[in-house]
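Q: Got a predicted structure plus its sequence, pasted below:
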Amino acid sequence: MNLAELQELHALPFFELLKRSHEVHEASFPAGKIQLCTLLSIKTGGCSEDCAYCTQSARYETDLKNERLLSKETVMESARAARENGSTRFCMGAAWRGVRGGTERFNQVVDIIKDVSSLGMEVCVTLGELGPDEAVTLKEAGVTAYNHNLDTSPEHYPNIVTSHTYEDRLRTIRNVQDAGMSVCCGGILGISETITDRLRLLEVISSFNPQPESVPINSLMPMPGTPLANNPQVDPFDLVRMIACARIAVPNAKVRLSAGRTRLSDETQALCFYAGANSIFYGDKLLTADNPEAGKDRELLAKLGLDTLEPNPSLEAPSIDRDLAASPCCSPKSCC
């Protein structure tokens, strides 16, 4: 969808927008099930990047304790616990600028991925920038999806991150897609962006060919010591509108209600599910931020009569739309 279409959509009366997004959601996901994902930080803090929202940046004075890469045994223990608690996707994040093939840390992560993929869950990783060869290696090791968020619009991005560029992000996404992995790509609300920035993000993401398999919508958790520590909380209705617009713009993607859920009432989360969210992070931690307890999530889903999605470790990445392949906006890199 282009920006003008998204602006027209976003400007609809609230319930008209929800009606449209719910219709798209029902058509794309008739079973109405929610995907449960668990996220584990396998290497925490000490990152060289300067993302203004992130406690893991070595450039900011925060209370975060740096941790080296976790042992395979520790990761496997968490992965087994996630599976036993009902998670169907296990996501692993490392605070690095990127990874390079042949290095000790990359080989260690590949070894961990191989073992985690044997548990029957979908495997997602976020390791920063990837080259084409590293992407192929991760695919062969058993990665189902690679998370690489764009955070915001191309125009606002330099106000949030200066240690890498938007093009760097898009290049990694292209490498991931070329390797045959699914892309998990979304953004963050509450990082001093405008509504236009939010919709430009969706414009870029919806122009990917193929579109992302999942789209996380995060709300900023302001962290002491970071440049955005004093930013105000995202308005719940703004969040629901973004969920609805994402559902319509990327109809076949799982729209993930991600960071910031600790601040949401059950009623707001219910509206998000109705608007088209069908994936959540499930467990006590979301990298370095708190997350609702698993039991509370189960209670809410039961109240709403929502079932959970089964794991699909053999999930194939979305296919390229050949009708769009000749268009000027057929790949991440060409859209900005």
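A: That came through, no problem. On a predicted model such as this, the values are computed, not experimentally measured, just so you know.
Q: From K139, how far off is G131?
A: Distance, G131 to K139, by Cβ to Cβ, to the nearest Å: 13 Å. Where you see a C-beta, it was placed from the backbone N, CA and C, and this is true even at glycine.
Q: more crowded one of these two?
A: The neighbour count for G131 versus K139, taken as other Cβ atoms under 10 Å, is higher for K139 (18 against 15).
Q: The more buried one in helix, strand or coil?
A: helix (DSSP: H, G, I helix; E, B strand; the rest coil).
Q: What does the pLDDT read for the spatially closest residue to it that is not a sequence neighbour?
A: Counting by Cβ to Cβ, 6 or more residues apart in numbering, K139 lies nearest to A179, which is 4.6 Å off, once chain neighbours are set aside. On pLDDT, A179 comes in at 95.
Q: P313 too?
A: According to the model, P313 scores 73 on pLDDT.
Q: List the residues that contact it.
A: Neighbour list for P313: 117, 120-123, 142, 144 [criterion: Cβ atoms under 8 Å, 6 or more residues apart in numbering].
Q: Which parts of this protein are strands?
A: Secondary structure of the chain by DSSP state E: the strands cover 35-43, 89-94, 122-126, 145-147, 182-184, 187-189, 214-219, 254-257, 277-281, 285-286, 289-290.
Q: Next, format those strands as CSV and append mean pLDDT and distance to A81.
A: As requested, these are exported to CSV (pLDDT from 0 to 100; distance: least, Cβ to Cβ, whole Å):
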stretch, mean pLDDT, distance to A81
strand 35-43, 89, 8
strand 89-94, 90, 10
strand 122-126, 93, 15
strand 145-147, 95, 21
strand 182-184, 95, 22
strand 187-189, 96, 28
strand 214-219, 96, 22
strand 254-257, 95, 21
strand 277-281, 92, 15
strand 285-286, 46, 12
strand 289-290, 48, 18
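Q: Put together JSON lines for those strands, with mean neighbour count and distance to K65 on each row.
A: Formatted as JSON lines, these follow (neighbours: other Cβ atoms under 10 Å; distance: least, Cβ to Cβ, whole Å):
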{"stretch": "strand 35-43", "mean neighbour count": "24", "distance to K65": "11"}
{"stretch": "strand 89-94", "mean neighbour count": "25", "distance to K65": "16"}
{"stretch": "strand 122-126", "mean neighbour count": "24", "distance to K65": "20"}
{"stretch": "strand 145-147", "mean neighbour count": "25", "distance to K65": "23"}
{"stretch": "strand 182-184", "mean neighbour count": "26", "distance to K65": "27"}
{"stretch": "strand 187-189", "mean neighbour count": "25", "distance to K65": "23"}
{"stretch": "strand 214-219", "mean neighbour count": "26", "distance to K65": "22"}
{"stretch": "strand 254-257", "mean neighbour count": "26", "distance to K65": "27"}
{"stretch": "strand 277-281", "mean neighbour count": "25", "distance to K65": "21"}
{"stretch": "strand 285-286", "mean neighbour count": "20", "distance to K65": "13"}
{"stretch": "strand 289-290", "mean neighbour count": "16", "distance to K65": "14"}
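Q: Which one, of those, ends up nearest to E203?
A: Taking Cβ to Cβ, strand 187-189 is the member of the strands of the chain nearest to E203, at 11.5 Å.
Q: V240 and A246, how far apart?
A: The value you get for V240 to A246, if Cβ to Cβ is used, is 11 Å.
Q: These two - which one has more neighbours?
A: A246 (29 against 26).
Q: mind listing what the more buried one touches?
A: Here A246 is in contact with 186, 202, 205, 215, 217, 253, 255, 276 (Cβ under 8 Å, 6+ apart).
Q: Please apply the same query to S48.
A: Applying Cβ under 8 Å, 6+ apart, the residues contacting S48 are 57-58, 97, 163.
Q: same thing but 10 Å
A: 57-59, 95-98, 128, 163-164 (Cβ atoms under 10 Å, 6 or more residues apart in numbering).
Q: And those, which two are furthest apart?
A: In these, the most distant members under the criterion Cβ to Cβ are R59 and G98, with 17.0 Å between them.
Q: which one of those two has more residues nearby?
A: A direct count of neighbours by other Cβ under 10 Å for R59 and G98 places G98 higher, at 17 against 14.
Q: thought that one was touching E134?
A: Yes. Using Cβ atoms under 10 Å, G98 is in contact with E134, at 8.3 Å.
Q: which neighbours do those two share?
A: 106, 127, 172.
Q: neighbours around E299, how many?
A: 13.
Q: coming back round to it: quick one: contacts for the residue nearest to K139?
A: 130, 132-140, 143, 146, 317.
Q: For beta bridges, what are the partners of the residue nearest to the spatial centre of the chain?
A: The geometric centre of the chain, computed from its C-alpha atoms, lies nearest to P216 (Cα atoms, centre = their mean), at 3.5 Å. Note on P216: beta-bridge partners by DSSP bridges are R256.
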